[in-house]
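1. here is my input, please return the structure:
(chains A and B)
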Number of protein chains: 2
Amino acid sequence: MNIKFSDRMGEIKASEIRELLKLTQQPEIISFAGGLPAPELFPIENMEKVASKVIREQGREALQYSTTEGFNPLREVIIEQRLKPVGINASLENIMITSGSQQALEFSAKLFINEGDVILCESPSYLGAINAFKAYKPTFVEIPMDDDGMIIEELEKALKEHKNTKFIYTIPDFQNPTGKTMTIERRKRLAEIGAEYQVPVIEDSPYGELIFDGEKYPTIKSFDKEGFVIQLGTYSKTFCPGLRIGWVCGHKDIIQKYVMIKQGADLQSSTLDQRIAAAYMKEYNLDEHIAKIIEVYKKRRDIMINSMKAYFPKEIKFTNSKGGLFTWVELKEGLDAAEILKEALEEKVAFVPGASFFPNGGHKNYFRLNYSNMPEEKIKEGIERLGKVLSKYY
Amino acid sequence: MNIKFSDRMGEIKASEIRELLKLTQQPEIISFAGGLPAPELFPIENMEKVASKVIREQGREALQYSTTEGFNPLREVIIEQRLKPVGINASLENIMITSGSQQALEFSAKLFINEGDVILCESPSYLGAINAFKAYKPTFVEIPMDDDGMIIEELEKALKEHKNTKFIYTIPDFQNPTGKTMTIERRKRLAEIGAEYQVPVIEDSPYGELIFDGEKYPTIKSFDKEGFVIQLGTYSKTFCPGLRIGWVCGHKDIIQKYVMIKQGADLQSSTLDQRIAAAYMKEYNLDEHIAKIIEVYKKRRDIMINSMKAYFPKEIKFTNSKGGLFTWVELKEGLDAAEILKEALEEKVAFVPGASFFPNGGHKNYFRLNYSNMPEEKIKEGIERLGKVLSKYY
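-> Below is the predicted model of the structure:
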């Protein structure tokens, strides 16, 4: 068979994480690879009640086609419960429901990128975003980070150099993969820079509510005066990822464009899931649920960090994340985390090698660890096994 | 605000149908515009039972992330119940779950089309497909139809002329918008042509099971020997569109590419909806449910056709569809259905003007009527009102 695919298919590769997920479904593997929430925390009983009620009382609407923008009561509840508390004043015209944040990322590239246009992003950045963007053949310019997030001076330098920059992509809270958080001053400055350079800032906030230590920082969007910040949110990390519900929040003229893209892409997200989510948010208190998640993840983070201190060679650096799902490990130069993974898998422990988080390659001496999806005793056990593998290299 | 969008946004317009749906949500309007199933037929009681059971018994998995390809038991049940009976032998590697057929259409363009590549399609064709394809800037070459569907001689002529043809798009059963059905001989020939010219044939089959008169015709895919036919299916017209569950079935090498695209696009379709659908299909008999839908729609089709015969000017031509959701109306040359719609809306009756179904424009003297979503008395009343409006022009 000789079928001609589009040129962009040369850019699209199967995600290493998704492929790994398959491998790591073997129950004997201790996997720190995915970014999965802890399923034992899902509010199963309440979800059963809510789903029953929605189908019984709103079945004709809940099982039918609906509008592309999303179910209005869900949009309202997101505005009220998730956006207002983080300083974002939005109305219905500023928000569209997406099938998870991943869809909002793909739509963002479709909306802004012509082949060769520049995307500025943190170095490293979320690999799912990188993969989604790559299909549109952008040029990635990576902005270095320090412990306070993306370095703003480097960002401005890049903006001056690359006039065809179409957007700045950032994950300011407990970044994937590094676990780092951007300071308030930089957030403020980033919102100003968007307006100054007339370049949209895409603020991806899947982990912003999972705070273990310290206060919630204001969102970049809360400093946005002229509509250049687009905020992406999701229920995947604070509620149930299986429902695939995220949102994009921005200036109404931009949201209208996202709506047109979504019409062509899939007409709308699941009516049933949207109505179940809306009913749940009205009936129950998501903040209380998030508090439970935080309690569990914080313990797991502590155990992972303490185990790393105990079992990893002392020279290895890692982030002590103050929230979110991940810690990021730096090995000495010259080591290849992908090679080490093979050995780790023999010891039945998995992680994601860091190279895929750098859109332009290199940086093989990093890897990402997830602590949200494994029970405490397995975290300790897994890090001990991994420590043994790593010790061979130090 | 001065934001630079991508060039493709010039091609993407809000769908007239979706915009109309908003208008026609006013309860006093008799709308023949959408393509909505009859919500009074949704299996609400059984869906409540199934959803409760799925969340109660499989909550940890049903609310969690899952694989991009889709939930295996759902893929198996589609293979067994929906593909095998229409002559398609598929295994798991040949099928991926999509968020409705619309998503499979968008993915198809992303998979095959570089700017300027040729898509061959029926003239007219489904406007949701046209809009999804347009974002990838193809050249549409429209193939004329007669009462037996796409004219194969014209198709071959176009294939010889356009060497950069990337795929042939067809809706062989009760086509949207014309209601016409392709003959068995043409289906067979089309499968052969795909292999001869090494050009994929995308067979879009949302209505193929809604048969009022006569037998089910074999699918084009059932004649496919070399893997050039890609079949798109959906539960939206035979079960519940709100769940957004469709599928793409094809050669495993092609399905692998669709999987890569879906990873970037939205990771996966709703785990919950997939598990609910799979459980429903095992617990209940979808064919019995489809038989009920057919009974209701056939009556509605009869009433619409009989009312058109009674109330429309005699010179107006229309399709007596043998299945599906639509009939297609041809006015005399020089009339503009979009203009007539404005008058019709004053009389509180709506339809979709035909021009949007022709990717290269023209053909203003057509419109599409849907009969699945209105109760019988309203169909009669609506066609009578429409007849009055049309009579002014004859």
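2. residue ranges of the helices in the stretch 151-300 of chain A, please?
-> With DSSP state H, counting those that start in this stretch as the criterion, the stretch 151-300 of chain A has helices at A:152-161, A:184-197, A:252-266, A:271-283, A:286-311.
3. pick the most buried one from those helices.
-> helix A:271-283 (a mean of 23; mean count of other Cβ atoms under 10 Å in any protein chain shown). To be clear about C-beta, it is placed using only N, CA and C from the backbone, and glycine gets the same treatment.
4. could you dump that one to PDB, C-alpha only?
-> Backbone C-alpha positions of helix A:271-283 (Å, rounded to 0.1, in the frame of the first residue of the first chain) are rendered in PDB as follows:
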ATOM      1  CA  THR A 271     -23.400  17.000  26.400                       C
ATOM      2  CA  LEU A 272     -23.900  14.300  29.000                       C
ATOM      3  CA  ASP A 273     -20.500  14.900  30.600                       C
ATOM      4  CA  GLN A 274     -21.000  18.600  30.700                       C
ATOM      5  CA  ARG A 275     -24.300  18.300  32.400                       C
ATOM      6  CA  ILE A 276     -23.000  15.800  34.900                       C
ATOM      7  CA  ALA A 277     -20.100  18.100  35.700                       C
ATOM      8  CA  ALA A 278     -22.400  21.100  36.100                       C
ATOM      9  CA  ALA A 279     -24.800  19.200  38.300                       C
ATOM     10  CA  TYR A 280     -21.900  17.900  40.500                       C
ATOM     11  CA  MET A 281     -20.500  21.400  40.900                       C
ATOM     12  CA  LYS A 282     -23.900  22.700  42.100                       C
ATOM     13  CA  GLU A 283     -24.600  19.800  44.400                       C
END
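5. rewinding a little: wait, which of the helices of the stretch 151-300 of chain A is closest to residue B:189?
-> When the helices of the stretch 151-300 of chain A are ranked by distance to residue B:189, counting by Cβ to Cβ, first place goes to helix A:252-266 at 30.7 Å.
6. orientation of that closest one relative to helix B:252-266 in degrees?
-> Counting by axes from the mean of the first three to the mean of the last three Cα atoms, to 10 degrees, helix A:252-266 lies at 160 degrees to helix B:252-266.
7. export only the CA atoms of helix A:252-266, formatted as PDB.
-> Coordinates of each C-alpha in helix A:252-266 appear next as PDB, following Å, rounded to 0.1, in the frame of the first residue of the first chain:
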ATOM      1  CA  LYS A 252     -14.600  37.500  23.200                       C
ATOM      2  CA  ASP A 253     -13.200  38.100  19.800                       C
ATOM      3  CA  ILE A 254     -10.600  35.300  20.400                       C
ATOM      4  CA  ILE A 255     -13.100  32.900  21.900                       C
ATOM      5  CA  GLN A 256     -15.400  33.300  18.800                       C
ATOM      6  CA  LYS A 257     -12.500  32.000  16.700                       C
ATOM      7  CA  TYR A 258     -12.000  29.000  19.100                       C
ATOM      8  CA  VAL A 259     -15.700  28.300  18.700                       C
ATOM      9  CA  MET A 260     -15.400  28.200  14.900                       C
ATOM     10  CA  ILE A 261     -12.500  25.800  15.200                       C
ATOM     11  CA  LYS A 262     -14.400  23.600  17.500                       C
ATOM     12  CA  GLN A 263     -17.400  23.500  15.200                       C
ATOM     13  CA  GLY A 264     -15.200  21.900  12.500                       C
ATOM     14  CA  ALA A 265     -13.200  19.800  14.900                       C
ATOM     15  CA  ASP A 266     -16.000  17.900  16.800                       C
END
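8. show me where pLDDT drops low in chain A?
-> The model of chain A has pLDDT under 70 over residues A:14-25.
9. so which residue is dead centre in it?
-> With distances taken as Cα atoms, centre = their mean, residue A:206 lies nearest the centre of chain A, 4.9 Å away.
10. just checking, that one touches residue A:101?
-> Yes - Residue A:206 lies in contact with residue A:101 (Cβ atoms under 8 Å); the separation is 5.6 Å.
11. common neighbours of these two, please.
-> Common neighbours of residue A:206 and residue A:101, counting by Cβ atoms under 8 Å, 6 or more residues apart in numbering or on different chains, are A:232, A:233, A:234, A:236.
12. let me see the contact set for the residue nearest to the second one when sequence neighbours are not counted.
-> Put plainly, it is residue A:233. Computed as Cβ to Cβ, 6 or more residues apart in numbering or on different chains, the closest residue to residue A:233 that is not its neighbour in sequence is residue A:247, at 5.1 Å. By Cβ under 8 Å, 6+ apart, the contact list for residue A:247 reads A:70, A:75, A:78, A:95, A:96, A:97, A:98, A:104, A:232, A:233, A:234.
13. how many residues are close by the fourth one?
-> It stands for residue A:95. 27 (other Cβ atoms under 10 Å in any protein chain shown).
14. related to what we said a few turns ago, out of the contacts of residue A:247, which sit inside strands?
-> Using DSSP state E, A:95, A:96, A:97, A:98, A:232, A:233, A:234 are the members of the contacts of residue A:247 that sit in strands.
15. what's the closest of these to chain B?
-> residue A:98 (7.9 Å; Cβ to the nearest Cβ).
16. pairing partners for that closest one in the sheet, please.
-> Taking DSSP bridges as the rule, residue A:98 bridges to residue A:246.
17. that one touches residue A:104, doesn't it?
-> Yes - Residue A:98 lies in contact with residue A:104 (Cβ under 8 Å); the separation is 4.4 Å.
18. mutual contacts of these two, please.
-> A:232, A:246, A:247, A:248, A:258.
19. where exactly do the helices run in the stretch 1-150 of chain A?
-> A:16-23, A:44-62, A:72-78, A:100-112, A:127-134.
20. of the ones you listed, which is nearest residue A:384?
-> Of all those, helix A:16-23 comes closest under Cβ to Cβ, at 20.8 Å.
21. domain-wise, how is chain A divided?
-> For chain A, automatic domain parsing gives the domain ranges A:7-43+A:288-391, A:65-283.
22. ok now stretch A:105-112, how far from the chain's centre?
-> Relative to its parent chain, stretch A:105-112 has a centroid offset of 15 Å by Cα atoms, centre = their mean, to the nearest Å.
23. now do stretch A:165-183
-> 9 Å.
24. of the shared contacts of residue A:98 and residue A:104, closest to chain B?
-> Closest to chain B, out of all of the shared contacts of residue A:98 and residue A:104 and judged by Cβ to the nearest Cβ, is residue A:246, at 9.2 Å.
25. now do the same contact list for that closest one.
-> Counting by Cβ under 8 Å, 6+ apart, residue A:246 makes contact with A:97-104, A:232-236.
26. go again with 6 Å.
-> A:98, A:100, A:101, A:104, A:234 (Cβ atoms under 6 Å, 6 or more residues apart in numbering or on different chains).
27. pick the one among those closest to residue B:61.
-> Nearest to residue B:61 among these: residue A:100, at 17.2 Å, using Cβ to Cβ.
28. quick one: contacts for the closest one?
-> A:234, A:236, A:244, A:246, B:266.
29. gap between it and residue B:212?
-> Separation of residue A:100 from residue B:212 (Cβ to Cβ, to the nearest Å): 39 Å.
30. count of neighbours near residue A:124?
-> 23.
31. surely it touches residue A:358?
-> Yes - judged on Cβ atoms under 6 Å, residue A:124 makes contact with residue A:358 at a distance of 5.0 Å.
32. sec struct for residue A:381, please.
-> helix (DSSP: H, G, I helix; E, B strand; the rest coil).
33. for the residue lying closest to it once chain neighbours are set aside, list each beta-bridge partner.
-> Setting aside the residues directly before and after it, residue A:381 is nearest to residue A:30 in space (Cβ to Cβ, 6+ apart), at 6.3 Å. With DSSP bridges as the criterion, residue A:30 is bridged to residue A:349.
34. contacts only, for residue A:30.
-> The contact partners of residue A:30, taken as Cβ under 6 Å, 6+ apart, are A:349, A:378, A:382.
35. between the residues you listed, which is nearest residue B:189?
-> Closest approach to residue B:189 among the contacts of residue A:30 (Cβ to Cβ): residue A:349, at 56.3 Å.
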